[in-house]
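1. Below: sequence and its predicted model.
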Amino acid sequence: MKRYLLSMALGVFAVGSIGAYYASGTEGDAPRYKLTTLQGDAGEAAKMRLSGSYIGGVGSKALELTVDGTKYQLTQSFYEKYLKDNRYLTSRYEEMKALKREHRDFMRARSNVDSFYKDSEWLIYADIFLYGPRGVYDWRTELKMDVLEEATGHVRKYRIELGDSKPTHWVRVQDVQRIGDEVHILAEVRLQDAPAAGNVAGTTADFHDYVVDLRSGELLRNNVLVSEKSEINLSTISNEVRSQPSEYVVLRSNKSRTVRSEGGGEAVALDDHFWSYSYRTGKLTPLPEPSPGLSAYSNIQSELSGELFTILYSDRGSLAIARYNVATGAQEQGELTLTAEQLGGQSIHSVSLAQNRVYVLLTTESSNKTRISDGRQLVAVVLDAGSGELLYKGEAAYDGPAEKADEFRKNLWLTNVNADRL
Amino acid sequence: MIELKGVRKRYRGRYVLNGLSFTAEKGNITCLIGMNGAGKSTVMKAIMGLVPVKEGQILVDGKPRGRWMYEKISFVPDHLTMPLSMKMSEGLTFMADFYASWNAERAAELMRFFRLEPGEKIGNLSKGTAAKYNLVLGLAPNSDYVLMDEPFSGIDLFSREMIADVFSSELIEERGVLLTTHEIGEVEHLIDKAVILQNGKAEMEFDCETMRSEEGKSIVDVMREVYSR
Amino acid sequence: MEIHRFRYILFALMGLTALVQMCAIAFNAMGEINERNVYFEQTGRAPEEFFAAMSYTRAVQETQFWFAVPVGLSIAVLVIYAFLIWYRDWFGRGTFAYRLLSLPSERRNIYFAKLTAILTFVFVLVGFQLLLMPIGRAIFAMIAPADQLQPSYIADAIFANQVFKILLPRSFAEFFVNYGLGIISLLVLFASILLERSYRWLGIVYGLAYAGFCALLMVYPLLALGLNYSTGYFYTEEAYAIQMAIDGLIVVASVWLGLYLLKKKVSV
């Protein structure tokens, strides 16, 4: 036994020291913060995530603050890092997670959340792929549509060659909907123009609605909805719950310009046009132009939910909400504007529009202090997107002994607000 | 009794042992005789399980060789097999720890007999002293058989005499000894049985006493006969 | 006994690491104090205006190279010894392999004794490094004037060093994976060494082939199964499960192979 004394001592030492290190927490200086409710219902803030960093003595540590507390990026458990599905599609979207549970095989290798359509009878995934050697714009584009019949679980796969008059440069499916026995696939397509003499070839950006028969997989129609030259940006806003049926989709075109500010360049959208497109009728209805006051805002987010289209405008000092009915093309109610002061702060840092709620991250500052962080309070607010009613107001505070609260508050820098999407 | 039956072993392409069969009985001193490279050391190592054999059986007391026999067979190799930084006394402790058949008193007695300093480091020993230490390690346990590989090679005359003395003592009496050596002349008078190894086989296996009395031949005579064939 | 044989080298490595690292911290602290004094003499202003508070974490970050030297040396020594722990018993004047292979105890004990010895050395050195960190902090606190000292957390100080990011990662999961991979490599190495000891020249070929094959198996899933791009057929958790299954297989195969060779095929 005496022989093994050294071995045992070394063994105990090794296990002990390493164990102590990991047991005592390896986060180092990582204070915990919480959201204290100042007003309203904390349930409204359940989906809200505030992200930023703690900047202590040694540098910054990224963290995320929710009503449940603080989470630092640094330490992830074994499960989180390796075993959990970290792919964007299946971890960030609740409905995608549910679909993965129900139809594990169907959901394999899916990457585009907009390519899904789901109702009680059918689950469809349609995506368009470009084939060709690199660097050469190849004409061959293929539409791949997988259709799962919920009743039987049977999957049909269709492959359709699409031909376009000009070489295709880039394709992305933006929305998939079913009307009766027709599947509509809305895609943004960028085509190469024929080069004019001596000039660099420009590109054209189009929105196409490819209509495919559900049962036979045959391409019925190919409607070009909008076609613009390359300086114009096109985007779509499809129904928020992407895999649910929706008759409408909103198309947007805008020019963007880079505005230089102290932080660098910011892309500002100009000349915004919105259209509502009905899959059923094939009609494109332009939505009313935003008022000049709204066009001045630098930041736009929007959401389509059923027939209601909401646009959220924001910048540092205030935010504004406009709503439209996509079936009629008319604006609903008036525009709603709220200033930072009305929300309870001085400066709006970040906003997020999700499921008919507006999440706002504001700071309150006292102007007569020397450093920005001294008097700063971080406030998070949740509003109803329709009425503008304040549903929740909370403050980020240090979760710990009161004497340290002030010091740690200064070290918390939150920059973004986000909400869990469906 | 140690018994080899049809043992074959390959080394670098050729068969060093090619169907070797012989026996070494308990109570006898058996000597393996052969030219250099005939495979004598290999036989020892094969019995001890230090090298794998391709074919054949090695039986000890009727049972196939295995881990169990290490308490019954001791090995005295021709070179040092203990870590050089160990002291001789530590080596004895090592053996005592692992072998149930270790006899510490006999070990101490042998150390005295050979006049070995227990505190001396094994790495510092001369060839002769090392050989004596190996003998201590091999003879101290209460084993039934002792295998010795070239116990006399390179040893000075006086040490050789000491070792030869051990052979005649009661330390060896009831045990079965299998040894290999070049120096037949030196040990001829000690050996009971001889096995002559040639071409990987036991060319001849005979009792020395009988050979001397019936045919009047010494071992060396027999060897000459065998090698001239 | 394996540990006993190595103890002097182990203690030497520990001593060297302690010496080099603690001196590096001390010199760094004294150097910074010196800079501050020079600043004060030259400008007449308090050093705090220009320099941030002295921090152990920063000191560790600045002395990274010196910290890494003894660690690198220790790693090299341990890797070499992973080979030597077998070969030293076969080569040299005293071929201990003869004794070891004729012991009445199970031969697998030899294998595990050598394995656990190496693992013990590794983790003892890691633990010792962990122990040195608070000691370093104490030394730093002794040298630096109290009013200019900023408190540091050990974990942050450890993380300030690039080498420690791998050797002492923040999450236990990473630790497990990093050292797990090391252990798998060690097991494959042992199997390769025993292949060589069993088959000599041919054994070298076998050994290298085996090691190469295992390495390939470990890496292949990561590349082929599309772990890192979103359109891979397998979900991430499935691909990781496959990877871990392969790793487990390699562990079992290597240990089994090593034990089998030691018992049946190895020769002196």
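-> Cool, the structure landed. None of the values given here were measured: they were computed from a predicted structure.

2. Now the worst-scoring helix or strand of chain B on mean pLDDT: buried residues?
-> Every helix and strand of chain B was ranked by mean pLDDT, DSSP states H and E. The lowest is helix B:170-173, at a mean of 74. Going by neighbour count (16 or more other Cβ atoms under 10 Å in any protein chain shown), the buried part of helix B:170-173 is B:171-172. Just so you know, the C-beta spots here come from the backbone N, C-alpha and C atoms, and that holds for glycine as well.

3. and that helix, how far from the chain's centre?
-> Here helix B:170-173 is found 14 Å from its chain centre; the criterion is Cα atoms, centre = their mean, to the nearest Å.

4. next one: stretch A:178-190
-> On Cα atoms, centre = their mean, the centre of stretch A:178-190 falls 22 Å from that of its chain.

5. Kindly report the same for stretch A:376-389.
-> That offset, for stretch A:376-389, works out to 19 Å (Cα atoms, centre = their mean).

6. Can you measure across that stretch, start residue to end residue?
-> Stretch A:376-389 has an end-to-end distance of 25 Å (Cα to Cα, to the nearest Å).

7. isn't residue A:61 right up against residue A:70?
-> No: judged on Cβ atoms under 8 Å, residue A:61 makes no contact with residue A:70 at a distance of 10.4 Å.

8. quick one: buried residues of the strand or helix carrying residue C:134?
-> Assigned by DSSP states H and E, residue C:134 belongs to helix C:108-143. Neighbour-count burial for helix C:108-143, with 16+ other Cβ under 10 Å as criterion, is recorded at C:110-111, C:114-115, C:117-133, C:136-137, C:139-141, C:143.

9. what's the answer for stretch A:382-402, then?
-> In stretch A:382-402, counting by 16+ other Cβ under 10 Å, buried: A:382-383, A:385-386, A:388, A:390-399.

10. which one among those gets closest to residue B:65?
-> Checking those against residue B:65 with Cβ to Cβ, the nearest one is residue A:399 at 71.3 Å.

11. can you pull the contacts of the closest one?
-> The contact partners of residue A:399, taken as Cβ atoms under 8 Å, 6 or more residues apart in numbering or on different chains, are A:31-34, A:69-70.

12. of all of chain B, which residue lies closest to chain A?
-> Closest residue of chain B to chain A, Cβ to the nearest Cβ: residue B:97 (7.5 Å).

13. Correct me if wrong, but that residue is in a helix.
-> Yes: assessed by DSSP: H, G, I helix; E, B strand; the rest coil, residue B:97 belongs to a helix.

14. Quick check: pLDDT value at residue B:98.
-> On the pLDDT scale, residue B:98 is placed at 89.

15. before we move on, back to that, and the buried residues of stretch A:382-402, which two are furthest apart?
-> The most distant members of the buried residues of stretch A:382-402, if one measures by Cβ to Cβ, are A:386 and A:398, lying 35.0 Å apart.

16. quick one on the thing from earlier: please indicate which of the contacts of residue A:399 are buried?
-> For the contacts of residue A:399, buried by 16+ other Cβ under 10 Å: A:31-34, A:70.

17. which of these lies closest to chain C?
-> Checking these against chain C with Cβ to the nearest Cβ, the nearest one is residue A:31 at 10.9 Å.

18. check which helix or strand covers that closest one.
-> With DSSP H and E as the test, residue A:31 turns up in no helix or strand.

19. Repeat that for residue A:320.
-> Under the criterion of DSSP H and E, residue A:320 resides in strand A:318-325.

20. hang on, the earlier thing: outside of the least confident helix or strand of chain B, which residues touch it?
-> B:27, B:29, B:106, B:110, B:139, B:146, B:166.

21. And residue B:106, which helix or strand is it part of?
-> helix B:104-113.

22. Could you check the angle the longest helix seen in chain C makes with helix C:108-143?
-> Ranked by number of residues, the top helix in chain C under DSSP state H is helix C:172-224. If you take axes from the mean of the first three to the mean of the last three Cα atoms, to 10 degrees, helix C:172-224 sits at 120 degrees to helix C:108-143.

23. Which of the helices or strands spans residue A:303?
-> strand A:299-305.

24. same thing with residue B:30?
-> Under the assignment here (DSSP H and E), residue B:30 is part of strand B:29-34.

25. ok, back up a step: state the next helix or strand along the chain beyond the least confident helix or strand of chain B.
-> Sequence order places strand B:176-180 as the next helix or strand after helix B:170-173, per DSSP H and E.

26. who are the neighbours of that next one, in terms of helices and strands?
-> strand B:14-24, strand B:29-34, helix B:40-48, strand B:145-149 (3 or more Cβ pairs under 8 Å, 6 or more residues apart in numbering or on different chains; DSSP states H and E).

27. Output the contacts of helix B:170-173 as TSV; include the columns pLDDT, distance to chain C and neighbour count.
-> Formatted as TSV, these follow (pLDDT from 0 to 100; distance: Cβ to the nearest Cβ, whole Å; neighbours: other Cβ atoms under 10 Å in any protein chain shown):
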residue	pLDDT	distance to chain C	neighbour count
B:27	86	23	13
B:29	88	21	22
B:106	89	18	16
B:110	88	18	22
B:139	89	15	24
B:146	91	13	22
B:166	80	21	17
